[in-house]
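Asks: Build me a structure from this.
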Amino acid sequence: MGTGEGYALMVKSVDIRFDPRKARLVLSRNGVVVDDIWLPGENVYGYALPGETGNPTLIIYLDAIFGGATFDMIQLRYTCSCRIMSLR
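Replies: Below is the predicted model of the structure:
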């Protein structure tokens, strides 16, 4: 899934054996992996560029993780690519 500004989010794996269920998400930018995390369902993930503090550059809300007989899937509630400039 492309999120804008060259970011791409890929689901590598889903673990439905435990509660809460977790998904392994790999975030890349322009083809280069920038983060690889396990995120539980109903959770927010924020990514900030290395060296930046404060507000994240990208925010993702993982709403639910579903396990099926033939495939698993995740449901994202929203993704937001944010650039907040200082106001004077």
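Asks: show me where pLDDT drops low in the protein?
Replies: Where the chain drops to pLDDT under 70, the residues are 1-4, 82-88.
Asks: Roughly how far does the residue most central in space within it sit from residue 25?
Replies: The geometric centre of the chain, computed from its C-alpha atoms, lies nearest to residue 60 (Cα atoms, centre = their mean), at 4.8 Å. For residue 60, the distance to residue 25 equals 8 Å [Cβ to Cβ, to the nearest Å]. For glycine as for every other residue, the C-beta is placed from the backbone atoms N, C-alpha and C.
Asks: so residue 43 makes contact with residue 62?
Replies: Yes. If you go by Cβ atoms under 8 Å, residue 43 and residue 62 touch, sitting 5.4 Å apart.
Asks: And for the helix or strand residue 25 falls within, what's in contact with it?
Replies: Per DSSP states H and E, residue 25 falls inside strand 22-29. Contacts of strand 22-29 with the rest of the structure, by Cβ atoms under 8 Å, 6 or more residues apart in numbering, involve 5-15, 33-41, 45, 47, 58, 60, 62, 65, 74.
Asks: Any quick PyMOL command for the buried ones out of those?
Replies: Restricted to buried positions by 16 or more other Cβ atoms under 10 Å, the PyMOL selection for those reads:
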select buried, resi 7+9+11+14+39+41+45+47+58+60+62+65+74
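Asks: Which of the contacts of strand 22-29 fall in strands?
Replies: 7-15, 33-40, 45, 47, 58, 60, 62, 65, 74 (DSSP state E).
Asks: Look up which residues are beta-bridged to the residue nearest to the centre of the chain.
Replies: residue 45, residue 79 (DSSP bridges).
Asks: Pretty sure it sits against residue 9.
Replies: Yes. If you go by Cβ under 8 Å, residue 60 and residue 9 touch, sitting 6.8 Å apart.
Asks: Between residue 60 and residue 25, which contacts overlap?
Replies: Common neighbours of residue 60 and residue 25 (Cβ under 8 Å, 6+ apart) are 9, 45.
Asks: Report the buried residues of stretch 50-62.
Replies: 56-62.
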